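Asks: pasting the structure only:
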């Protein structure tokens, strides 16, 4: 039956339903939905039917066919009786713990039947069929019994997985709490006293800086009295005066210093930006806890 | 005479088959090559197919990989990469390894936790 035409397409194309799902259609449907939720009955009568965009209803009865296989929708474990096979254990097994007992019993009778088989083979070999049938029956029963434990096994596996998930989440919760406590303690240690201390420190440093600058201007005025004739020095003094003023106005801005190349190096090295040191101090505190 | 129920059943089975075919990376590669991923209506269709993740539908699915792949297909990078044969083969390999080792590792870790 297979001819070249059927082989030309390696895979089947997707169902043609997808052609309906254009952006336009989806938009129309969404608009209609919105309108339906808000509008009156009269408006909803005018609306178009968009049911071809909705998923099909799930099947509930009968059988369904997938990849050429016919399958029942509600699959249940059949009793052995329904297959015309005698059942060697009681019907009501669900929920009891007798499985182990019965399986052990069946195992015993399996061994017994095997010995019986050996006996008949040694005495009357032609009667083997009955013993083999017995053994087959016992094995089928055991197999069926084991299969009926499958649902229990699946349920237990899910239970274990859920427990694992819970444990994992609990662990992460405790870890988050630990981290929170750590952060809290750091925050508490920062408040008031330590903050005041660090502020005081930076103020002190600022004062040192200021006194240094004052010293500098004194030095300059001394030099000034010595050599008043030099033009370069006059410019120099002007610059320092500007710096002094700017520092008084806003003590945090001392960066201008670096723009003047002739300032003694000692002062440049020891000058600092109070903002950065303050931040770095807090940073250090956070790090050391 | 085709009733409404028959149509519903036919569509249900067709879409059930199609969504399960998504678990085959080579089929995805083929879809990419045929240019289906460039069609906006097909992308919308993939979005629509998410209804299979609901319980009353998902119990019909025999190849659950397709649901994970359906999620991946919602991303453009994944769809674009599927045009590459190596990528599709790589997914195929990953799938196989997952199928082969995931349960084994899981069982081992479960045993360890006791």
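Replies: Structure's in. What do you need? Every value quoted in this text rests on a predicted model; they were computed, and no experiment measured them. Numbers count the residues shown, from 1 in each chain, chains lettered A, B, ... in the order given.
Asks: isn't residue A:145 right next to residue A:101, touching?
Replies: No - the criterion here is Cβ atoms under 8 Å, and residue A:145 misses it with residue A:101 at 11.0 Å. For glycine as for every other residue, the C-beta is placed from the backbone atoms N, C-alpha and C.
Asks: tell me which element the residue nearest the centre of chain B falls in.
Replies: By Cα atoms, centre = their mean, chain B has its centre lying nearest to residue B:66, at 2.2 Å. Secondary structure assignment for residue B:66, by DSSP states H and E: helix B:65-73.
Asks: what distance separates the helix or strand just after that helix from the middle of the whole chain?
Replies: Sequence order places helix B:76-81 as the next helix or strand after helix B:65-73, per DSSP H and E. Helix B:76-81 has its average C-alpha position 14 Å from the chain's average C-alpha position, going by Cα atoms, centre = their mean, to the nearest Å.
Asks: one step back: show the contacting residues for the residue nearest to the centre of chain B.
Replies: With contact taken as Cβ atoms under 8 Å, 6 or more residues apart in numbering or on different chains, residue B:66 is in contact with B:19-23, B:52.
Asks: Now with 6 Å, please.
Replies: B:19-20, B:22-23 (Cβ atoms under 6 Å, 6 or more residues apart in numbering or on different chains).
Asks: interface residues of the stretch 151-289 of chain A facing chain B?
Replies: Neighbours of chain B within the stretch 151-289 of chain A, by Cβ under 6 Å from any Cβ of the partner chain: residue A:160.
Asks: Could you report the neighbour count for the residue of the stretch 151-289 of chain A found nearest chain B?
Replies: At 5.5 Å from chain B, residue A:160 is the closest residue in the stretch 151-289 of chain A, using Cβ to the nearest Cβ. The number of residues packed near residue A:160 is 15, by other Cβ atoms under 10 Å in any protein chain shown.
Asks: check which helix or strand covers it.
Replies: helix A:150-190.
Asks: again, but for residue A:65
Replies: Residue A:65 is located in strand A:63-66, with elements delineated by DSSP H and E.
Asks: What strands line up against that strand, and which way round?
Replies: Next to strand A:63-66 in the sheet, as set by DSSP bridges, lie strand A:69-72 (antiparallel).
Asks: pLDDT (mean, whole number) over the partner strand?
Replies: Averaged across strand A:69-72, the pLDDT comes to 80.
Asks: Any buried residues in it, and which?
Replies: For strand A:69-72, the buried set under the neighbour-count rule, 16 or more other Cβ atoms under 10 Å in any protein chain shown, is empty.
Asks: per-residue confidence for residue 19?
Replies: Using chain A. 85.
Asks: wrong one, chain B
Replies: pLDDT, read off for residue B:19, is 90.
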